[in-house]
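Enquirer: below: sequence and its predicted model.
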Amino acid sequence: MTLLLPVTLCLAATAACGGSDSSGDDTGPIGARQIKGVNFCELLSEDTMAKVLGVKKLEPQSSGATDNCEWKIPVDGGADGALQIGSYYLPEGGDGMTTIGGLQANRQIVQTGCQIVVTGSGETDPAATSANAVDAVRVWYLEQGVPDDEKCTAAGKLAEEVMRALPEA
């Protein structure tokens, strides 16, 4: 009986502290990601995206394309929000250069929504420039009545989830 107590305490401490079951997959460096040929419409579930954005529901809007996908965030018709995810290019330099999940990114307000564009090359320096267009992922999020900073915080979190879900390059 006295041997069971130390073993039980040891197992409980390992589980409580994360022990060997903790996976650092969602906090470490993202690195280069494959963007071409990815079906962005099915990369993350609607439930996952809604949870990250803090909305109740997303409804897919059929366009037939898999490299540029759209969802409606139903509210009441005219005030419905919108979400777009797809392949893009990274606009380098100028306003809005930042990082998302450690990767070079650009953040701008475009058509009253927050647009986050994250490089797939693995570049981490927001000030780095390239002579060529850089493949990237674009997340554009619009929700009526939500301040720009809140929209961009939510869009940035979703952009990081998208990048982590993409296959490594």
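Expert: It's in. Numbering: from 1, shown residues only.

Enquirer: all the helices of the protein, residue numbers only.
Expert: For the chain, applying DSSP state H gives helices covering 4-16, 46-53, 148-165.

Enquirer: elements contacting the longest one?
Expert: Using 3 or more C-beta pairs under 8 Å, 6 or more residues apart in numbering; DSSP states H and E as the contact test, the elements touching helix 148-165 are helix 46-53, strand 81-89, strand 97-100, strand 103-110, strand 113-119, strand 135-142. Placement of C-beta: from N, CA and C, glycine included.

Enquirer: which helix or strand in this structure has the lowest average pLDDT?
Expert: Ranked by mean pLDDT, DSSP states H and E, the weakest helix or strand in the chain is helix 4-16, scoring a mean of 35.

Enquirer: mind putting the helices and strands packed on helix 148-165 into TSV with distance to residue 59 and mean pLDDT?
Expert: Below are the helices and strands packed on helix 148-165 laid out as TSV (distance: least, C-beta to C-beta, whole Å; pLDDT from 0 to 100):
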stretch	distance to residue 59	mean pLDDT
helix 46-53	8	96
strand 81-89	10	95
strand 97-100	25	92
strand 103-110	22	93
strand 113-119	17	95
strand 135-142	14	96
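
Enquirer: out of those, nearest to residue 65?
Expert: strand 81-89 (7.6 Å; C-beta to C-beta).

Enquirer: skipping adjacent residues, who's closest to residue 29 in space?
Expert: In space, and not counting its chain neighbours, residue 29 is closest to residue 102: 5.2 Å by C-beta to C-beta, 6 or more residues apart in numbering.

Enquirer: and that neighbour, what is it in contact with?
Expert: 29, 30, 124 (C-beta atoms under 8 Å, 6 or more residues apart in numbering).

Enquirer: let me know the distance separating the residue nearest to the last one when sequence neighbours are not counted from residue 150.
Expert: Meaning residue 124. Nearest non-adjacent residue to residue 124, counting by C-beta to C-beta, 6+ apart: residue 102, 5.6 Å away. Counting by C-beta to C-beta, to the nearest Å, the gap between residue 102 and residue 150 amounts to 22 Å.
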